[in-house]
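Need the 3D shape of this:
(chains A and B)
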Amino acid sequence: EPEVTQTPSHQVTQMGQEVILRCVPISNHLYFYWYRQILGQKVEFLVSFYNNEISEKSEIFDDQFSVERPDGSNFTLKIRSTKLEDSAMYFCASSESRFERGYTGELFFGEGSRLTVL
Amino acid sequence: QKEVEQNSGPLSVPEGAIASLNCTYSDRGSQSFFWYRQYSGKSPELIMFIYSNGDKEDGRFTAQLNKASQYVSLLIRDSQPSDSATYLCAVKVINDMRFGAGTRLTVKP
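Got it, this is the predicted structure:
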């Protein structure tokens, strides 16, 4: 069964360093997302991406963050100058299409990348 | 504001009982509604979606939607210990899906 894959599964970094989290969405999916979940807290929306541009972003997704689809398969989240509070699980997700009748609009999640900032 | 509210729980039910999980949302433009289950340390996995008012049944699960009241619920019949997890309500508006904080369910044998 097709799945969303994420790397690395766990990354430890020093405060102030740059981090790139990578995702390979399901191949026929058109919409891509990043979410984060701080330990014990809710799943928070960061950004959605379609047609090589950001379609929506949350207030969390400030200038420290950027996303890119550098080739036909990868979707990356870059965090510049990491802070302690960036420590979280970061989930990539993809969906087949914009919500339309007959489609669920379901998001398929990767297993997550745990980021620890020291 | 696109708020999705859930009781955080924990909700504890005995094995075989019905578990009832509730969710309210603030954006009247919301189009579709999802229930995800999340085990500790794992990613969310879809249980059900609903986009029309009324009930939708899938096995032991029934989702209920009332758009006028901006309310979604999930009933789990014949609850099993393996149902113990955090249940996330998610609401989608066009291309933006927002999650509630989740309700932690424990099913006791």
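
for chain A, what are the nearby residues on chain B?
B:31-32, B:34, B:38, B:42-46, B:49, B:51, B:88, B:90, B:92, B:94-102 (C-beta under 8 Å from any C-beta of the partner chain). C-beta here means a position set from N, CA and C on the backbone, and glycine is covered the same way.

Of the residues you listed, which qualify as buried by neighbour count?
Among the residues of chain B next to chain A, those buried by neighbour count (16 or more other C-beta atoms under 10 Å in any protein chain shown) are B:31-32, B:34, B:38, B:43-44, B:46, B:49, B:51, B:88, B:90, B:92, B:95-102.

is it true that residue A:105 touches residue B:92?
Yes: with contact defined as C-beta atoms under 8 Å, residue A:105 reaches residue B:92; the gap is 5.3 Å.

related to what we said a few turns ago, from the buried ones among the residues of chain B next to chain A, which land in strands?
Per DSSP state E, strands hold the following members of those: B:32, B:34, B:38, B:46, B:49, B:88, B:90, B:92, B:96-99.

now the residues you listed in CSV, with distance to residue B:57 and pLDDT?
Shown next, in CSV, are those (distance: C-beta to C-beta, whole Å; pLDDT from 0 to 100):
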residue, distance to residue B:57, pLDDT
B:32, 17, 88
B:34, 16, 94
B:38, 22, 96
B:46, 16, 92
B:49, 13, 92
B:88, 20, 96
B:90, 19, 94
B:92, 21, 87
B:96, 28, 78
B:97, 23, 85
B:98, 25, 90
B:99, 23, 93
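
Can you tell me what sits against stretch A:13-30?
For stretch A:13-30, the external contacting residues (C-beta atoms under 8 Å, 6 or more residues apart in numbering or on different chains) are A:2-8, A:11, A:32, A:34, A:50-51, A:73-84, A:86, A:90, A:92, A:94-97, A:108, A:110, A:113, A:115-118.

what's the first-to-last distance across that stretch?
Using C-alpha to C-alpha, to the nearest Å, one end of stretch A:13-30 lies 31 Å from the other.
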